[in-house]
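K.L.:
let me see the structure of the following:
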Amino acid sequence: MTKHVLLMASILIVVIVAIVQFQNTDDGLFFTDDPGEALMELYWPESEHPVVQHSTFTLAYDEDHEQASWVAYILTREELNRKFVDRTDWFEKDAAIPTGSADFYDYKGSGYTKGHLVPSADRAWNRKVNEETFLMSNISPQAYHFNGGVWRELEENVRDWARENDRLFIVTGPVIGQSRERIGSNQVTVPEAFFKAILDLDLPDQKAIAFLVSNEKSDRPLENYTITVSELENITGINFYDRLIPDDELEHQLESTIDIDKGPIDPERFRTRIEHWNK
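P.N.:
So this is what the prediction gives:
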């Protein structure tokens, strides 16, 4: 009898927490200010690869290519407005990956930079969470002028959008494509491109946009790399919002439209990339 009572009490607590943390409305699903680590798995994309939860982001690790197939996290205005700690710059293997992650030395002398998927600057208000962005499971081989150029510009614009829109749900990852180039003793595959799927979580002006950017130096504006989330799903095979948005009509609307005016791109930053970062 005691075991049954404890079991029922545990189930009731989980249900109550879920109701408090998430709210379904006729306009779709939106989050409270603190979704809670215990419920994070309810809205990450599904994956055929092992999924690992760190303190502020989740990733699916693709052992065949020795990097994450995606990382997912929420970026908020409140986080970005906190006082930042110094960047750690200390890359380590991720002990949470069951098969073992890539290693710092895989990149040494390869000609490729250790490119963050969750940017260090998106997780800079706390030493522990910043250090987690330097785990090698969050790193992917990026061309030097891609990492410090067009990808940097996109990351900085995304932080602007988070400040303007309060909270964004971001999924980022590599697109391996037909790439056969590998680096290091762990044979880390060099991706052909990288993607970001960005969703504004909050009503009344929910919106989504995706970017697909070739892993190379670029002189093209960021606008040239925008695609719909639906198009990105077809390319990557990832269903980004199936578990996040219960309203199929809203999900289709968000995934099939692009309104770049709702996430304006800073033209001054583009000029900086062309005149300085790409040099």
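
K.L.:
D166 - how many residues pack around it?
P.N.:
15 (other CB atoms under 10 Å). For every residue, glycine as well, the C-beta is placed using N, CA and C.

K.L.:
quick one, what contacts it?
P.N.:
For D166, the contacting residues are T76, R77, L201, D202, by CB atoms under 8 Å, 6 or more residues apart in numbering.

K.L.:
for it, phi and psi?
P.N.:
The phi/psi pair for D166 (degrees, to the nearest 10) reads phi 80, psi -60.

K.L.:
same question, L250
P.N.:
phi -60, psi -40.

K.L.:
report the separation between it and E46.
P.N.:
Remark: distance between L250 and E46 (CB to CB, to the nearest Å) = 19 Å.

K.L.:
who's more crowded, those two?
P.N.:
L250 (17 against 11).

K.L.:
state the pLDDT value of that one.
P.N.:
For L250, the pLDDT comes out at 92.

K.L.:
endpoints of stretch 106-123, how far apart?
P.N.:
Its start and end residues considered, stretch 106-123 measures 24 Å (CA to CA, to the nearest Å).

K.L.:
ok now that stretch, how far from the chain's centre?
P.N.:
14 Å (CA atoms, centre = their mean, to the nearest Å).

K.L.:
buried residues of it, list them for me.
P.N.:
106-107, 110, 112-123 (16 or more other CB atoms under 10 Å).

K.L.:
just those residues now: which is nearest A60?
P.N.:
L117 (11.0 Å; CB to CB).

K.L.:
pretty sure that closest one sits against Y61.
P.N.:
No - L117 is not in contact with Y61 according to CB atoms under 8 Å; the separation is 11.3 Å.

K.L.:
overlap of the contact sets of these two?
P.N.:
The overlap between the contact sets of L117 and Y61 (CB under 8 Å, 6+ apart) consists of A68.

K.L.:
burial measure for P98, as a count.
P.N.:
Using other CB under 10 Å, P98 has 10 neighbouring residues.

K.L.:
phi and psi next, for the closest residue to D259 other than its chain neighbours.
P.N.:
Among residues not flanking D259 along the chain, K207 sits closest, at 6.0 Å (CB to CB, 6 or more residues apart in numbering). Backbone geometry at K207, expressed as degrees, to the nearest 10, gives phi -160, psi 160.
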